[in-house]
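Participant: test case, fold it:
(chains A and B)
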Amino acid sequence: MSWILPLDEVDPSAEIGGKARVLALLKRKKITVPDALCLPAGTYRFFIGRTGLDQQVFMELGKKDFADMRWEEIWDISLRLRNGFINRPLPEELNDLLGEAVEGFFKGRPVSVRSSALAEDTALTSFAGMHDSFVNLSGTRNILKHIKLVWASLWSDRALLYRRELGLDPFQSAMAVVVQEMVVGRCSGVAFSMNPLKPAQASIEAVYGLNQGLVDGSVEPDHWELSREEGEIIEHLPARRRNALRPGVQGVMDRPLAEKERRRPPLSPPEVMGVYLLSRRLEKIFGRPQDMEWTIVPGETFVLQSRAITTLDQAGGNDERSRYLGWRRNLESLKQLRRSIEEEIIPGLEREAREMAAMDLGRLPDKKLIAEIRRRQEAVGRWVEAYWQDCIPFAHGMRLLGQVYNDHLEPRDPYEFMTLLSGAGLESINRNRRLREMGEMISAEPALAGAIEEERDLDRFEDFVVRVDDFISLYGGAALGGREIGLTRQRVAGLAARFGQGTAAHGPAGLQDKDRLEESFLASFAPDRRAEAEELLEIARASYRLRDDDNIYLGRVEGQLARAMDEGIRRLEASWGPLAGKPGLEEVIEALSSRKPPLVKPGPIAGEGPKPALRPRARQIQGQPAGPGLAVGRARVINRPEDLFDFQNGEVLVCDAIDPNMTFIVPLAAAVVERRGGMLIHGAIIAREHGLPCVTGVPEAASLIKTGDRVTVDGYLGLVTIGSDSLPENK
Amino acid sequence: MGLKANPQGRQAEELEKHLREMLAGQLFAVLSTVGGEQPYANLVGFAASPDLSRIYFATSRSTRKFSNLERNPKASLLVDNRSNRAADLRRAAAATALGEVEELDPSQESEFKELYLAKQPHLEDFVFSPNTARLCLWVKVYYVVSRFQNVFEFKVSA
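Facilitator: This next block holds a predicted model:
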């Protein structure tokens, strides 16, 4: 088998993927396509086998059922695998052979490196845009590096999620690559030889410059509809023509259009017809309507790629695929999200929580209280929706930085970029600093420490009480799992006293390297792109900070709903005596309005089943490394708000999903373990800010680990070992 | 003895399934015995009782493992389903049984015959040869590993 061969020598039945197969067939039919070399899937397999990446893939994806992974975890896996591809050099013989082939064939001309995955674009699935392609690359080393990046994109989060959606086995996939001569068209676009929504019509979209602008949505295209029967243009929807993607020194640049181009559509009517007829010719060759990408240089139209139109709603843009593609938001849309979060969502949340907090619920008649509970429920629903719409997608800012950083600097640690984000002034860190300061006051004043210990009244320690009350008014309204956290003076003081005793937390690791890393990151960009890099860094920092902060603000509004609910429950208990459990919102409202006792679902009763022959106990469970370090300690499993106040210095915090409203105990912890997975989730962010070992994505963490278990947390490998044969305890 | 499946959730369930499949499906396991201070490992053909508390195997009385077991009945047995490919990191599981080995009590002979010969019929001549000892590992605990690093302990009820 050849590792690399020209398109016209390729056997179309070989393992070259859909894109290469189409181009090879078109070349045989004398359709103009760019000159290209093809690397069959075997080259990819040789590379991953020889470098051991195949084993890394199995390890990363084998930790738990693929179906159980959250997208944050999948993104992390994808990041680590991508870094594996970047860091592993091509085996020497492959490097030499590919290098010679590329140099001999293209003789220094710039190229595009495109994915051609084996499962891609079959009749039933469209992987359009799922895998990476890179445009306008020069220099053999650079081109070979991008071949590896295209291979790595087989494991991109988008591709993995999409395969999961389609029920495809990720382990069966492999990637061929097309290295294509760069054709710098005057204008480019896509043509649907049949409009999937209106089968009697064909559609053409065109932009000035390179096609990437259209494909990634950064350039608005002119759009034409044609009648398939008459072969005539029936509609032209002009774009607001402003910009075009053009080749830069490497890669592409977003450039404003010249005035003349703004006024004139990229295609003349005869050119529209030319593109349409070409798409019909391809439809005839392949026997199915085609989605064709093209570019025009003066005098010639090139087909860049073509695939069968797979689904009728492909142009509808509302399928799962478009959602995954949506994560790839570019800087501009991230900036818009940031404005919306900082200028509307957070101030709105603060305003609403403040206004709710000012209301004296005790004085409302039952009817008004019911209305108030409803109003708050509606407000929470509204804010949660805004949260999903803007805050969650904005988290992509961190990920975008991670990817760009790793591509540019090729660090050994795929999370090195996190150092650039740490210390961004998180709201929860400010909150924890207040606790630490109160702790220091307690340590400095034995009389105060004694009063707290003996739970005596604290009024005479005026300075301290002012701080405690301040803290409660700022953070006391938060909710956890629909219940108010329940901060009291005694609880806050008790907690602060533990902060005063010194903790394992010490601040983010590697902070001393931050300036150096930032400098080398920015220096890795050409001078004309540095501003873009600075912007990206700024957005990523905001994304990191807001990922935590938005939850704290949302928690305040949720806390106000919990407060209204608690008032309702208080009234019910006043009428009907203590309730056996906590009624839900509808039950509280129903009971208040009907003046009948609420329905309370009884909790599960522990049954005495037959004694099992095998008694299982978790000994070691694995998640993902989310904060480096090693710690041993007693586990404290947090299931209810009350558990927070039992937390002791040096314990290992174990929970199902860390809520930013409970992270005030994190500085007391020796390590953090969480069932929910990911490197960029709250638990991981806050652990990292405090320099604590952290493992996330540990299945069933909060049920397999019990409070009191001795656990070893390995934040380097993502392991939690339960039981006594572990390392000696810290301290 | 009844077995209650899934007492703790999915991982325990998954690992118990691996354990049962390996004990039923694998023909051979690695037996470790102790001679003085020196651990000693060999492959043995085995069969497990349905409640997994007993693992039967056989060896010639003139072997080192037999003499080790005579002096120190403590033993460990490893059974796994690896295929010697990279995919093992994702798919393979292994179980280590710890316990003590005894020669069969006459009351166990029929169970041994039924279980062992059902699985290893080609070893009939060997196991009933005069110099062969038929042995039982009474398992106290299993450690089951899957997905490379997930480890669960399964204590066997007496």
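Participant: only C-alpha atoms from now on, for both contacts and neighbour counts.
Facilitator: Will do.
Participant: next, give phi and psi for B:Leu104.
Facilitator: The phi/psi pair for B:Leu104 (degrees, to the nearest 10) reads phi -60, psi 140.
Participant: if you could redo that for A:Ile234, that was the one I meant.
Facilitator: Backbone torsions of A:Ile234, given as degrees, to the nearest 10, read phi -110, psi -10.
Participant: could you find the closest non-adjacent residue to it?
Facilitator: A:Leu226 (5.2 Å; C-alpha to C-alpha, 6 or more residues apart in numbering or on different chains).
Participant: quick one: the one you found and A:His236 touch, right?
Facilitator: No. Contact criterion C-alpha atoms under 8 Å: A:Leu226 and A:His236 do not qualify, at 9.0 Å.
Participant: please, which helix or strand holds the nearest residue to A:Phe664 once chain neighbours are set aside?
Facilitator: The spatial neighbour of A:Phe664 that comes closest, neighbours along the chain excluded (C-alpha to C-alpha, 6+ apart), is A:Asn432 at 5.6 Å. Assigned by DSSP states H and E, A:Asn432 belongs to helix A:427-444.
Participant: tell me which helix or strand comes right after that helix.
Facilitator: Using DSSP H and E, the helix or strand that follows helix A:427-444 towards the C-terminus is helix A:446-453.
Participant: ok, and what's touching that following helix?
Facilitator: Helix A:446-453 has contacts (C-alpha atoms under 8 Å, 6 or more residues apart in numbering or on different chains) with A:442-443, A:457-458, A:461, A:490, A:493-494, A:497.
Participant: could I get the buried residue list for the helix ranked longest in chain B?
Facilitator: Determined from DSSP state H, the single longest helix within chain B is helix B:10-25. For helix B:10-25, the neighbour count (16 or more other C-alpha atoms under 10 Å in any protein chain shown) marks B:11-12, B:15-16, B:18-19, B:22-24 as buried.
Participant: end to end, how far does stretch A:248-257 reach?
Facilitator: 15 Å (C-alpha to C-alpha, to the nearest Å).
Participant: quick check: mean pLDDT of it?
Facilitator: Regarding stretch A:248-257, the rounded mean pLDDT is 83.
Participant: same deal with stretch A:651-658?
Facilitator: On average, stretch A:651-658 scores 90.
Participant: which helix or strand in the chain has the lowest average pLDDT?
Facilitator: Using chain A here. helix A:320-326 (a mean of 35; mean pLDDT, DSSP states H and E).
Participant: should've been chain B
Facilitator: For chain B, counting by mean pLDDT, DSSP H and E, that's helix B:88-91 with a mean of 79.
Participant: CA atoms of the longest strand seen in chain B as PDB?
Facilitator: Using DSSP state E to define each element, chain B has its longest strand at strand B:132-146. C-alpha atoms of strand B:132-146 as PDB (Å, rounded to 0.1, in the frame of the first residue of the first chain):
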ATOM      1  CA  THR B 132      -3.200 -36.000  40.600                       C
ATOM      2  CA  ALA B 133      -4.500 -34.000  43.500                       C
ATOM      3  CA  ARG B 134      -8.000 -32.500  43.000                       C
ATOM      4  CA  LEU B 135      -8.100 -29.100  44.700                       C
ATOM      5  CA  CYS B 136     -10.400 -26.400  45.700                       C
ATOM      6  CA  LEU B 137      -9.600 -22.700  46.200                       C
ATOM      7  CA  TRP B 138     -12.000 -21.400  48.800                       C
ATOM      8  CA  VAL B 139     -12.400 -17.800  47.700                       C
ATOM      9  CA  LYS B 140     -12.600 -15.100  50.400                       C
ATOM     10  CA  VAL B 141     -12.500 -12.100  48.100                       C
ATOM     11  CA  TYR B 142     -12.300 -11.200  44.400                       C
ATOM     12  CA  TYR B 143     -10.700  -8.000  43.100                       C
ATOM     13  CA  VAL B 144     -12.100  -7.300  39.700                       C
ATOM     14  CA  VAL B 145     -10.600  -4.800  37.300                       C
ATOM     15  CA  SER B 146     -12.100  -3.400  34.100                       C
END
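Participant: any idea which element the nearest residue in space to A:Thr721 that is not next to it in sequence lies in?
Facilitator: Nearest non-adjacent residue to A:Thr721, counting by C-alpha to C-alpha, 6+ apart: A:Gln620, 4.2 Å away. Using DSSP H and E, A:Gln620 maps to strand A:614-622.
Participant: helix or strand right after that strand?
Facilitator: strand A:624-627.
Participant: distance between the next helix or strand after that following strand and the chain's centre?
Facilitator: Where DSSP H and E defines the elements, the next helix or strand beyond strand A:624-627 is strand A:630-638. What separates the centre of strand A:630-638 from the centre of its chain is 28 Å, taken as C-alpha atoms, centre = their mean, to the nearest Å.
Participant: and the following helix or strand past strand A:630-638, what does it pack against?
Facilitator: Using DSSP H and E, the helix or strand that follows strand A:630-638 in sequence is helix A:641-645. Taking 3 or more C-alpha pairs under 8 Å, 6 or more residues apart in numbering or on different chains; DSSP states H and E as contact, there are no helices or strands that helix A:641-645 lies on.
Participant: neighbours of the closest residue to A:Leu98 other than its chain neighbours, just the number please.
Facilitator: Distance criterion C-alpha to C-alpha, 6+ apart; nearest residue to A:Leu98, sequence neighbours excluded, is A:Ile4 at 6.8 Å. Using other C-alpha atoms under 10 Å in any protein chain shown, A:Ile4 has 22 other residues around it.
Participant: likewise A:Ala308?
Facilitator: 22.
Participant: remind me which residues of chain B are low pLDDT?
Facilitator: Scanning chain B for pLDDT under 70 picks out the ranges B:1-9, B:158.
Participant: in it, which spans are helices?
Facilitator: Applying DSSP H to chain B gives helices spanning B:10-25, B:64-71, B:88-91, B:109-119, B:124-127.
Participant: would the third one count as contacting chain A?
Facilitator: The reference is to helix B:88-91. Yes. Part of helix B:88-91 sits near chain A under the criterion C-alpha under 8 Å from any C-alpha of the partner chain, namely B:89-91.
Participant: now the helix or strand where A:Ile539 lies, how far from the chain's geometric center?
Facilitator: Using DSSP H and E, A:Ile539 sits within helix A:530-576. From the chain centre to the centre of helix A:530-576 is a distance of 19 Å (C-alpha atoms, centre = their mean).
Participant: I'd like the next helix or strand past that helix.
Facilitator: Counting by DSSP H and E, the element after helix A:530-576 in chain order, helix or strand, is helix A:585-594.
Participant: elements contacting that following helix?
Facilitator: By 3+ C-alpha pairs under 8 Å, 6+ apart, helix A:585-594 packs against helix A:366-386, helix A:530-576.
Participant: name whatever forms a beta bridge with B:Leu78.
Facilitator: Going by DSSP bridges, B:Leu78 is paired in beta bridges with B:Val30, B:Thr96.
Participant: chain A versus that one, what's the distance?
Facilitator: Distance, B:Leu78 to chain A, by C-alpha to the nearest C-alpha, to the nearest Å: 17 Å.
Participant: OK, contacts around that residue?
Facilitator: So B:Leu78 contacts B:29-31, B:94-97 (C-alpha under 8 Å, 6+ apart).
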